[in-house]
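Chemist: Test case, fold it:
(chains A and B)
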Amino acid sequence: MEQEESKSMVLRTVPRLPWGGKGVLLRGLACSAVVAVALAAVPATAVEDGRPRFLIETIAVEGLKRASPETIVAVSLLEPGQRYSEGELREAVYRIVRLPFILAADLALRRGSERGKFELVVTVEETRRFFFGGDLTYTRFGQPLAFAGISARRNSLSTSHLAGVRLFVGQNGVLFAALGEDEGGFQVGYNQYDLFGRRIFLSLGYATMDDCCSVTVAPLGLDPTASSWIRSDRFERFALTLGFPLRGNQSLRFQASFDESEAGQRQAFLRPGDAFSAFDHRDLSDHDLELAWIYDSTDDPLLPRIGLAMSAAVDYRTLTSEMGRTHFVGEEPFPDPTPLPEMRTELLRATFHGNRYWPLSDRQSVGLGMRIAVGRSQVRDVAFAQEFIRRADLDVLEGSVTVRHALNLLNGPRTSSWGELRWEQTVEYGYEGTSPELGPGDRSLTSLTISSVLVFRNSWGVVRIGVAYLDVRSRA
Amino acid sequence: MRWTILPLALVCALELGATPRLEVEPGDKLILTALPLILSDAQVRPHLTTGLTTTFAFRVTVLTGGGKLVGGSQVEIRYEPWDEIYHVAVMGIDGRIERHTVASFGDLSEWWKTLRLGVLDARHADWSAASEARITVAVVPFSQAEGDDTRRWFSESLERASRSSAEEIARSAEDGPEPLGRALNLLIATSIRRRALLSYRWTVAVPVEPSP
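Modeler: So this is what the prediction gives:
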């Protein structure tokens, strides 16, 4: 950037003309003529190395409804009175578009107060105040699995939906709240952008569900019993994220999440009908800390079609719970009044993750992904089937390969105003194993997932409808 | 006013429906000419008056019997608000840049129609085996130029990319308890519009003999 080179320098040269002193009128006419010729001869825009550099006199922001123009100008890092190249202005518009409450931003130059000076007009389009998400997935299992209870199931139909609102708070702050599911899931959070003027991103969140039944599966290193955890009572999550942008497409991310649930059941999902593999759990805590380096040059965070995304992360995760055996009367579970010692497992893991996307045409793209993780875990007081493991140290290995194909059924500048529709096919093969083996049972898992999903997205929300085939095998 | 715009829009639509033409110059230089007036497209014209550069990147793929020949050219247009003129730069296959200034949009349209772009220099190519050529022009408005990836870093901050296979199993089969992550994902998803990179394409015949 350069300091302003004022046009008044040109005007100041006029009184030095050699023929002065013949009369005010004549001198005035002569000066005016010379000024006009001088101005016409001087290009309005300075050019360096064949590229124009624009002297920005003022910055105007148009199209705002809720956010403040000061925020937009601050994020652009542009200052009136400075010269900028097109490349520098382009970087500024990227910084503006990066704000998550901005849908699109464009720049244009208008004439300023004097020749050679410009007013930079930033036109933005804001996001909606409300947002919505919906998912509907039918899954066919390759073999019977016990995901949501002791009974075997050959298929599942999962539905979920979420609706929320975002509110702007101060400069660069967004408060959001959302309701989801019939069971009353509620979440609230706050995102702060450009923290301390350093482009740091902060996100704080809290979520709670008061009723049955969400299901999770922990990594085999953290839960070597390969169980599904069914939360049947109050569930709460606290989460903190800090993002630090580095050079180019790189960033650092720190995440901490703390999940707490009061009660539920644990069932080895590969052993449907096995009453000895079902347990009652109380006061379940799942805490996770992660530090990750991220490189991402893909063109879209959710539906990429070109670019490379990589991450290298280290995470430390603990799982603790009071356990008790479960007795069954028919299908009905009843907790055993005799408690077992508190289960506690810890996992320290390093993960590398990469995804590459290639466009085949304007509408089609393919992607190839891989993930590998190695770690070490310590398992204490874990009940499994009819055994009880007091303490074990395990080496953990995880890996997966993913192939994707996507076809844009509806997308383009003429249709983007009301949304895009995409059809995605994914095939993923995954492996997880621990060593040494812990007695009988399932000590490594392989999984094959084939899915076909229709995704509709617009500025209101995202809806996914899909079918999937899932085949999970264990190696005893 | 509306009745004057309608015939103009019709003319523009007819112009856009036209097809460019390829000619072979002596020396086996392939020339792209008779360009449809995409400058008048409602998606393109607003970008031409922003005072910032709009790029038109041409790519020509000639299909021959045993393979293909690929060439291209580039045109940059920038409007100067103070002088109310258009600065035009044409980059040919020989790497030379020709610069012009054009006084008005009408003159720019006329210049565009008569533009002859050298897109392929294939002295040793066998034109007789050429069947057809695919022509693509990508319109890259200033604010949507390639390389706008920097906006992406923060969204990765929200979504954990790496899950184990077992975690993915539960996600695909049941309603996993990711409510907070899901709301954050929705905040991102509803704030990102896909890049509206305009492109036009045509398939034309390749002349075998040099034009007279």
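
Chemist: Domain ranges for chain B, per the record?
Modeler: Domain assignment for chain B, taken from automatic domain parsing, gives B:2-147+B:193-205, B:148-189.

Chemist: Pick out the shakiest of the ones you listed, pLDDT-wise.
Modeler: Ranked by mean pLDDT, the domains of chain B bottom out at domain B:148-189, with a mean of 52.

Chemist: List the single closest residue to B:Val60 in space, sequence neighbours excluded.
Modeler: Excluding the flanking residues, the one nearest B:Val60 by C-beta to C-beta, 6 or more residues apart in numbering or on different chains is B:Val119, at 4.4 Å. All C-beta atoms are positioned from the backbone trio N, CA, C, and that covers glycine.

Chemist: which element is the one you found on?
Modeler: Using DSSP states H and E, B:Val119 sits within strand B:117-121.

Chemist: Strand partners (parallel or antiparallel) of that strand?
Modeler: When pairing is defined by DSSP bridges, strand B:117-121 lines up against strand B:29-33 (antiparallel).

Chemist: Just the buried positions in the partner strand, please.
Modeler: By neighbour count with 16 or more other C-beta atoms under 10 Å in any protein chain shown, strand B:29-33 contains the buried residues B:Lys29, B:Leu30, B:Ile31, B:Leu32.

Chemist: Just the CA trace of that strand, in PDB.
Modeler: Output of strand B:29-33 as PDB, limited to C-alpha atoms (Å, rounded to 0.1, in the frame of the first residue of the first chain):
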ATOM      1  CA  LYS B  29      -3.100 -21.100 -36.400                       C
ATOM      2  CA  LEU B  30      -6.600 -21.800 -35.100                       C
ATOM      3  CA  ILE B  31      -8.600 -18.600 -34.700                       C
ATOM      4  CA  LEU B  32     -11.800 -18.200 -32.600                       C
ATOM      5  CA  THR B  33     -14.200 -15.600 -34.000                       C
END
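
Chemist: Could you chop chain A up by domain?
Modeler: A:43-126, A:130-475.

Chemist: Adding mean neighbour count and mean pLDDT, write those out as a markdown table.
Modeler: As requested, these are exported to a markdown table (neighbours: other C-beta atoms under 10 Å in any protein chain shown; pLDDT from 0 to 100):
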| stretch | mean neighbour count | mean pLDDT |
| --- | --- | --- |
| domain A:43-126 | 18 | 85 |
| domain A:130-475 | 18 | 83 |
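
Chemist: export the ones you listed to JSON lines and tack on distance to chain B?
Modeler: Output for those, formatted as JSON lines (distance: least, C-beta to the nearest C-beta, whole Å):
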{"stretch": "domain A:43-126", "distance to chain B": "3"}
{"stretch": "domain A:130-475", "distance to chain B": "3"}
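
Chemist: hmm, back to that, I'd assumed B:Val62 was in contact with the residue nearest to B:Val60.
Modeler: No. Contact between B:Val119 and B:Val62 fails when scored by C-beta atoms under 8 Å: they sit 9.3 Å apart.

Chemist: Mutual contacts of these two, please.
Modeler: Among the neighbours of B:Val119, those also in contact with B:Val62 (C-beta atoms under 8 Å, 6 or more residues apart in numbering or on different chains) are B:Leu30, B:Gly71.

Chemist: Could you provide the domains of chain A in TSV, with additional columns for distance to B:Leu108?
Modeler: Converted to TSV, those look like this (distance: least, C-beta to C-beta, whole Å):
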stretch	distance to B:Leu108
domain A:43-126	18
domain A:130-475	22
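
Chemist: hang on, isn't A:Met343 packed against A:Ala383?
Modeler: Yes. Using C-beta under 8 Å, A:Met343 makes contact with A:Ala383 at a distance of 7.3 Å.

Chemist: which residues do those two both contact?
Modeler: A:Met323.
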